[in-house]
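*Asks:* fold the following for me, if possible:
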Amino acid sequence: MKSLLQDLVQQYVTKNPKLMLRRTETVVEKMLTNWMSICLYSFLKEVAGEPLYMLYRAIKYQVDKGPVDAVTGKAKRTLNDSHLLREDIDYCAMVTVETTSVCVQPCPVKVLDIDTITQVKDKILDQVYRGAPCRRFPGCTVVWRSAVLLCPPEWRSGQAGHLTLSDDDVTAVVQGHWKRLNTLQHYKVPDGATVALIPRSQKTPMLEGEEEEGFRLWHLVKSSEDPEIPKHRKSSMRERERAKAIPEIYLTRLLSMKGTLQKFVDDVFVAILNTKRPPPIAVRFFFDFLDDMADKHGIDDPDTVHIWKTNSLPLRFWVNILKNPQFVLDVQITDSIDAVLSVIAQTFIDSCTTSEHKVGRDSPVNKLLYAREIPRYKQLVESFASEMNSVVALHELYKYISKYYDQVIMSLEEDASGQKMQLAYRLQQVAALVENKVTDL
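*Replies:* Below is the predicted model:
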């Protein structure tokens, strides 16, 4: 890999050095990605994994507190303006009590009356199996008893009555070609109702075949997108919508969410860019290699070396983890959570750039949200890069030796191995070069 990287450097220094490692097109770039992933496993497990998981839990908790459209993925509580549920939706927070063989005692679960049955089931499973890996969550039906919900949900009323709940059944409301997903409000499930999750023999999609029947599903708002529009046109339409100035009332919602998550975002960034603990050996080795390549090819622009380092580690590895925590954590990432993570990942990318961070009226909303924090995050990135610099590391080592310079010289002169390798003489040469120290040379 080292030989291939040397060839890659040779290829880019003759063209545009700053573009090196920006993409993952060559074999060696893919090898570097996998090598970094393997070498940083211990660091991720021991240092960065916990704050990353806490960030995920905080995002999920905040998103679930407000309405989330099950079809579009838009949410009232988010950081992403393109996934913001702007419509005013009336809803009530309520508590259901889950009673199954899983729970020794009844387990209260916070839900919303406008949650779909699948959303209710997911919240119940998340509460009942909290701390357990996502892959161990059972497939189930929800049932409502006078106080019971099955998996699929079932609600039982009285001592014998029960009702199996589903996102779609014969009671679903149909208007023209639109069919609305069922919610707790649709079934008139009251606050404090007892529900039970009844395991299914196998997982089957609750909404299978709806498109074939000609219905378009909706939950809280009807999608304005025409399903016949090509994907590339949909993307350009979203970009035009995003470019429009966001009303202040919606920006306030985003800022409120951002303030709630701020501590968790800070904790993750600090864990990734922490300079108070020894960096992973692989990272220091690779950064030293980049320094050597810059010296070898006469690249004295510090921005170029900085870009190489950020392209090889923060932007190659950490951005991917921030955007896709399910790669390292056994969790479920919904569209609404993914939208929040995308903004945080983009903030990390902006923090790694060498260009000055400027915001204006036409700036993307995520840049406006983190306008004050990005300069601080840039300082973290710069400190991290400096700490990785081999020259800085050697200078710090020499500062420690200089405190005990005379004792070290004496010990090296008396040591047989030191005499054979002339270590005392070499240290005196270093001292003469570093600070013009008077030596016996």
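*Asks:* and the helices in the stretch 301-441 of the chain, which stretches?
*Replies:* In the stretch 301-441 of the chain, helices defined by DSSP state H, counting those that start in this stretch lie at 302-312, 319-323, 335-351, 365-369, 373-388, 390-403, 405-414, 416-421, 423-435, listed in chain order.
*Asks:* buried residues in the last one?
*Replies:* Spelled out, it's helix 423-435. 423-425, 427-428, 431 (16 or more other Cβ atoms under 10 Å). Using the backbone N, CA and C atoms, a C-beta is placed for each residue, glycine as well.
*Asks:* chain center to that helix, what's the gap?
*Replies:* Distance of helix 423-435 from its chain centroid, counting by Cα atoms, centre = their mean, to the nearest Å, is 47 Å.
*Asks:* what's the angle from that helix to helix 405-414?
*Replies:* 150 degrees (axes from the mean of the first three to the mean of the last three Cα atoms, to 10 degrees).
*Asks:* quick one: mean pLDDT for helix 423-435?
*Replies:* In this model, helix 423-435 has a mean pLDDT of 81.
*Asks:* show me what it is packed against.
*Replies:* helix 390-403, helix 405-414 (3 or more Cβ pairs under 8 Å, 6 or more residues apart in numbering; DSSP states H and E).
*Asks:* wait, residue 62 sits on residue 259?
*Replies:* No. The criterion here is Cβ atoms under 8 Å, and residue 62 misses it with residue 259 at 10.7 Å.
*Asks:* how long is stretch 112-132 from one end to the other?
*Replies:* Length of stretch 112-132, first residue to last, Cα to Cα, to the nearest Å: 24 Å.
*Asks:* strands of the stretch 101-250 of the chain, start to end?
*Replies:* Ranges of strands within the stretch 101-250 of the chain are 107-112, 140-145, 154-156, 163-165, 174-175, 178-180, 194-199, 216-218, based on DSSP state E, counting those that start in this stretch.
*Asks:* what mean pLDDT does the second one get?
*Replies:* Regarding strand 140-145, the rounded mean pLDDT is 58.
*Asks:* likewise for the fourth one?
*Replies:* Per-residue pLDDT values across strand 163-165 average out to 82.
*Asks:* what strands line up against it, and which way round?
*Replies:* When pairing is defined by DSSP bridges, strand 163-165 lines up against strand 140-145 (antiparallel), strand 154-156 (antiparallel).
*Asks:* listing request: residues of this structure with sub-threshold pLDDT.
*Replies:* For the chain, the stretches with pLDDT under 70 are 97-105, 134-161, 199-213, 225-246, 357, 388-396, 435-441.
*Asks:* grab the most central residue of it for me.
*Replies:* What sits nearest the mean C-alpha location of the chain, by Cα atoms, centre = their mean, is residue 322, with 2.6 Å.
*Asks:* contacting residues for it?
*Replies:* Shown in contact with residue 322 (Cβ atoms under 8 Å, 6 or more residues apart in numbering): 52, 268, 341, 344-345, 348.
*Asks:* want to throw these into CSV with distance to residue 127 and neighbour count?
*Replies:* As requested, the contacts of residue 322 are arranged in CSV below (distance: Cβ to Cβ, whole Å; neighbours: other Cβ atoms under 10 Å):
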residue, distance to residue 127, neighbour count
52, 22, 22
268, 24, 24
341, 22, 20
344, 25, 24
345, 28, 19
348, 31, 25
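*Asks:* how about the helices in the stretch 1-150 of the chain?
*Replies:* 2-13, 27-39, 41-43, 49-64, 117-128.
*Asks:* reformat the ones you listed as a markdown table; add distance to residue 411.
*Replies:* Formatted as a markdown table, those follow (distance: least, Cβ to Cβ, whole Å):
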| stretch | distance to residue 411 |
| --- | --- |
| helix 2-13 | 35 |
| helix 27-39 | 35 |
| helix 41-43 | 34 |
| helix 49-64 | 42 |
| helix 117-128 | 61 |
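*Asks:* tally of neighbours for the residue nearest to residue 56 when sequence neighbours are not counted?
*Replies:* The shortest distance from residue 56 to any non-neighbouring residue, by Cβ to Cβ, 6 or more residues apart in numbering, is to residue 325 (5.3 Å). Residues near residue 325, counting by other Cβ atoms under 10 Å, number 22.
*Asks:* scan this structure for its longest helix.
*Replies:* Identified as the longest helix of the chain according to DSSP state H is helix 248-272.
*Asks:* now whatever helix or strand comes next after it, how far from the chain's geometric center?
*Replies:* Following helix 248-272 in sequence order, the next helix or strand is helix 281-296 (DSSP states H and E). Here the centre of mass of C-alpha atoms in helix 281-296, compared against the chain's by Cα atoms, centre = their mean, lies 27 Å away.
*Asks:* quick revisit: list the contacts of the residue nearest to residue 56.
*Replies:* Counting by Cβ under 8 Å, 6+ apart, residue 325 makes contact with 52-53, 55-56, 331, 333, 341.
*Asks:* just give me the closest of the residues you listed to residue 384.
*Replies:* For the contacts of residue 325, the minimum distance to residue 384 (Cβ to Cβ) is 17.1 Å, reached by residue 52.
*Asks:* residue 406 versus the closest one, what's the distance?
*Replies:* Distance, residue 52 to residue 406, by Cβ to Cβ, to the nearest Å: 48 Å.
*Asks:* please apply the same query to residue 377.
*Replies:* Going from residue 377 to residue 406 by Cβ to Cβ gives 44 Å.
*Asks:* ok, the two, which is more surrounded?
*Replies:* Each of residue 377 and residue 406 has its neighbours counted (other Cβ under 10 Å); residue 377 has more, 21 against 7.
*Asks:* residue contacts, the more buried one?
*Replies:* 269, 347-348, 351, 370.
*Asks:* cutoff 7 Å now
*Replies:* 269, 351 (Cβ atoms under 7 Å, 6 or more residues apart in numbering).
*Asks:* gap between it and residue 31?
*Replies:* Going from residue 377 to residue 31 by Cβ to Cβ gives 29 Å.
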